[in-house]
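A.B. asks: have a look; sequence and predicted model below, questions after that.
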Number of protein chains: 2
Amino acid sequence: MDSQGFREAAISSIDEIISYYDNIGTREVVSTVEPGYLRKLLPSEAPDQGEPWADIQKDIEAKIMPGITHWQHPGFHAFFPCATSYPSILGELYSAALSGACFNWICSPAVTELETVVLDWLAKLLGLPECYLSPGPTRGGGVIQGSASEAVLTAMVAARDKYLRETIPAELDGHDREDTIAHKRSRMVALATSATHSSTKKAAIILGVRFITIPVRAADGYALTAPVLAAALADCRARKLEPFFLTATLGTTDTCAVDDFAGITSALADFSPAGSPGEVWVHVDAAYAGAALVCPEVQTATNIAQVASFHSFDMNMHKWLLTNFDASCLYVRDRSWFVQALTINQAVYNNTASDGGLVTDYREWQIPLGRRFRSLKIWFVLRSYGAEGLRAYIRRTTKLGEEFANWIRDRPDLFEILTGPSFALTVFRMVGKSGEGEASSSSSDEEERNALTRTLYETVNRSGKMWVTSTVLEGRFGIRMMTGVRTTEQEHVEAAFKALVDAAEEIHTS
Amino acid sequence: MDSQGFREAAISSIDEIISYYDNIGTREVVSTVEPGYLRKLLPSEAPDQGEPWADIQKDIEAKIMPGITHWQHPGFHAFFPCATSYPSILGELYSAALSGACFNWICSPAVTELETVVLDWLAKLLGLPECYLSPGPTRGGGVIQGSASEAVLTAMVAARDKYLRETIPAELDGHDREDTIAHKRSRMVALATSATHSSTKKAAIILGVRFITIPVRAADGYALTAPVLAAALADCRARKLEPFFLTATLGTTDTCAVDDFAGITSALADFSPAGSPGEVWVHVDAAYAGAALVCPEVQTATNIAQVASFHSFDMNMHKWLLTNFDASCLYVRDRSWFVQALTINQAVYNNTASDGGLVTDYREWQIPLGRRFRSLKIWFVLRSYGAEGLRAYIRRTTKLGEEFANWIRDRPDLFEILTGPSFALTVFRMVGKSGEGEASSSSSDEEERNALTRTLYETVNRSGKMWVTSTVLEGRFGIRMMTGVRTTEQEHVEAAFKALVDAAEEIHTS
């Protein structure tokens, strides 16, 4: 494909993408193909001779689109949004064109430096304490990771390294040191709650350290509180386990609960003073809801200033902040914790700038070596929307969630809210045919509500016009309704609510 | 930015990208900015109000380009290529437009299914044994990872899990089991050679297992051989360490050496029979040179059929196979090894297709949960070039490397080859002013050659017309000359050689 061929192919692709976005609402939200559909449509081997672009492009609509679930569809109310935008797509385009491995500063200084600058911009927008900014007093800073899973893994590796460094006497060496490390490793434990995203448990599995789940309850809004954490820490101490890591969440996966940051700080201070050797590293997972921190009212409501006493913070611009997957923004209070844990030198990577310590080499802040130019799309999005544009989007979609919750509340004959609205997410379920609300809670009643809700869930999802996902909260099956997608407007939420009401009424009368 | 605004912005971006590629040879290869250059050019905060696209776009050339090192430049002879192509850029464009988190099959069946199909296509092209194909006899298959570092980490986690499962008696439970696991973990060791990429060591650090480096020597062409491996294994046994993982390399980072796969197989068979409980997992890192396996003559020369006795294989399409970073293609002989080690369930991800075991959920084959639609660009590249087009490109750039090595050999008064040509890479250095070749090797002579070569290296890199990187082999400082970039033609290699000769002659006479 030469330059002219690329120009024609690219314009044709752009036009197809525009047409896709302009008409996305007319498609079924979720793909309805059968498993294995695509293998039947494609040859079993790559072609020997190259094919013209026109033949390739027509397979997008013919063979790929039937297998696409449309995350930008206005009826996509599942999981969390993966909201993209035109400026972000342009960022990916330039990033692809400027492709390089970019593991060192010298491999493209702009890739490193733009990342540092836009992550500082973002930290200020989110109201993060100064300690997470690269020019800040504690030599902190941000780095773009591929996903929140990689972010928590990176943080946990650094936390383990810091813990061992601080708790093993420096004078130990040789076999004694190895034995002590092996013994410590077998006692170290990472903590998270039953509402924490599974990525913390996965990180603990990868590291080979113990993992303990702290149960959180409806009574606490599924948030971690001081007394519950204090009890878990005391239990660890009684079992001679050594807690070294805790994930606190701003916006849990199931319900968008926010853990009590001040309570966590105080429970930890009672366990081991902050800053003392072997302190528990607290990582804040704000993967989805962290986006809402662009609004000052959310910074206040979530007590974000409190994260100054924690160690790392992560949010995904690729969920609710109009940026393409992937752009997980991980901040650390002292970047030397990452660098000490993750630096490996090899002669082939030596260069004057790195060797002189003049520059940031982000390979020392992450698991992989190479990296894409991901800051471009963040830069384009922040500049195209501006802070006010991002706030307007977050507030608009949050309000849609609140309106939806109000409508649910206005039909107590059909529905009850389990949690929310919280960050554009409401979890609700059906009430029994008797039409009674929360007061009634015999176990047969619970079973009936679960069964009715499951039927409702399957019914509305079969329509193809909307997609909701579900969860189970203390045995209660709930439907998660999320209103954060960029294309979702009031009319779409109204239509979704009407579909839910119609289906629920039919279920009650059948 | 509305659809019309996007169309105009995208076409303008496409034109800028075409102009960039058409004129890339006129730029300096390596950025010459000073550390911190970009912060001075940008505001300290994101704008409050959105900015028009034209203002953003003009900053690409004005502020970003000065900080770009041009990996697609014909004079880029550093590290390895990160060769992109127009069809691959189109793949990224569509991938961005169809953005979703895609952790489950149902999140977009096409994302999962196209990945399985194109990785089977690629496995056949590379001549991998059938056991690595998804319909193969051992239930193997491929998955796209972000980088070779993530691939080796994933493989090592699975290997550790498999080893513990196979060597810890099933009847052990409770504290006895925990103690046995802790003890085993403290004895387990991952092996690699002194020429293996540092990512294996990094994976061992992340897992918290021991790591042993097996030294390889010039006499063996820096490849791992049977006697050297056998000695390392015997040493482990004598120290009561338990080797569970070995990285074998097809194309090492420094010199593109290929380990002796048959020798590795036989040394391991003597240590513990293949397929026996606790066998050593062998991961093949073919990150760069694996691309050349599209040529049948390379399949034969590297004895690729032998990898049937190993466990996992990884190659990066984003290095030498015309595909944008990131596309690291990881294959495993039995996918249940990944799934058993990396699966974590959470209610919110439940769905009929996954729960019924009908489909592949790639989140169970990798560290992250979410994933991009990376198979699109691979599909576009394989179809646009065809197998013959890819072979022609690999053979053309390999031949450029051979020609370069011949020219170096033809000037024994100036240069000597340290390794290669191997996979478009030659490592060479200057000879002393006395003009003598390898025969002379007193230590003062070695120092002179190192100093001269370092001067040559700095001189040609200062020109801005070419970029080579360096390495150190058994104390000998060598220049790595790589000819794999797509835009590199014979005239560019000739020009690079001429620049090296001119500089070397001047160094000899000064």
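C.D. replies: It's in. Residues are numbered from 1 along each chain as shown, chains lettered A, B, ... in the order given.

A.B. asks: contacting residues for the closest residue to A:Lys377 other than its chain neighbours?
C.D. replies: Nearest residue to A:Lys377 in three dimensions, chain neighbours excluded: A:Gly91, at 2.6 Å (CB to CB, 6 or more residues apart in numbering or on different chains). C-beta coordinates here come from the backbone N, C-alpha and C atoms, glycine included. Going by CB atoms under 8 Å, 6 or more residues apart in numbering or on different chains, A:Gly91 touches A:Thr323, A:Asn324, A:Leu376, A:Lys377, A:Ile378, A:Trp379, A:Phe380, A:Val381.

A.B. asks: burial measure for the second one, as a count.
C.D. replies: For A:Asn324, the neighbour count with other CB atoms under 10 Å in any protein chain shown is 29.

A.B. asks: where is pLDDT lowest across the contacts of A:Gly91?
C.D. replies: Least confident of the contacts of A:Gly91 in the model: A:Asn324, at 94.

A.B. asks: which SS state does that one fall under?
C.D. replies: Three-state assignment for A:Asn324 (DSSP: H, G, I helix; E, B strand; the rest coil): coil.

A.B. asks: CA-only coordinates of the helix or strand bottoming out on mean pLDDT in chain A in PDB, if you can.
C.D. replies: One helix or strand of chain A scores below all others by mean pLDDT, DSSP states H and E: helix A:352-355, with a mean of 76. C-alpha atoms of helix A:352-355 as PDB (Å, rounded to 0.1, in the frame of the first residue of the first chain):
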ATOM      1  CA  THR A 352      24.000   9.100  28.100                       C
ATOM      2  CA  ALA A 353      20.700  10.600  29.300                       C
ATOM      3  CA  SER A 354      19.600   7.600  31.200                       C
ATOM      4  CA  ASP A 355      23.000   6.900  32.700                       C
END
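
A.B. asks: would you indicate which residues of that helix are buried?
C.D. replies: A:Ala353, A:Ser354 (16 or more other CB atoms under 10 Å in any protein chain shown).

A.B. asks: tell me the helix or strand right after it.
C.D. replies: helix A:375-409 (DSSP states H and E).

A.B. asks: so what's the gap between that following helix and the chain middle?
C.D. replies: 16 Å (CA atoms, centre = their mean, to the nearest Å).

A.B. asks: now do it: which elements does it pack against?
C.D. replies: Applying 3 or more CB pairs under 8 Å, 6 or more residues apart in numbering or on different chains; DSSP states H and E, we find helix A:375-409 packed against helix A:86-97, helix A:109-126, helix A:317-320, strand A:415-422, strand A:425-430, strand A:476-482, helix A:490-509, helix B:53-59.

A.B. asks: now, of these, which is deepest in the fold?
C.D. replies: Among the helices and strands packed on helix A:375-409, ranked by average contacts under mean count of other CB atoms under 10 Å in any protein chain shown, first place goes to helix A:317-320 (a mean of 30).

A.B. asks: A:Arg396 and A:Glu489: what is the separation?
C.D. replies: 9 Å (CB to CB, to the nearest Å).

A.B. asks: what sits closest to the residue most central in space within chain A if chain neighbours are left out?
C.D. replies: The residue lying closest to the centre of chain A (CA atoms, centre = their mean) is A:Ala287, at 3.1 Å. Nearest residue to A:Ala287, sequence neighbours excluded (CB to CB, 6+ apart): A:Ala148, at 4.0 Å.
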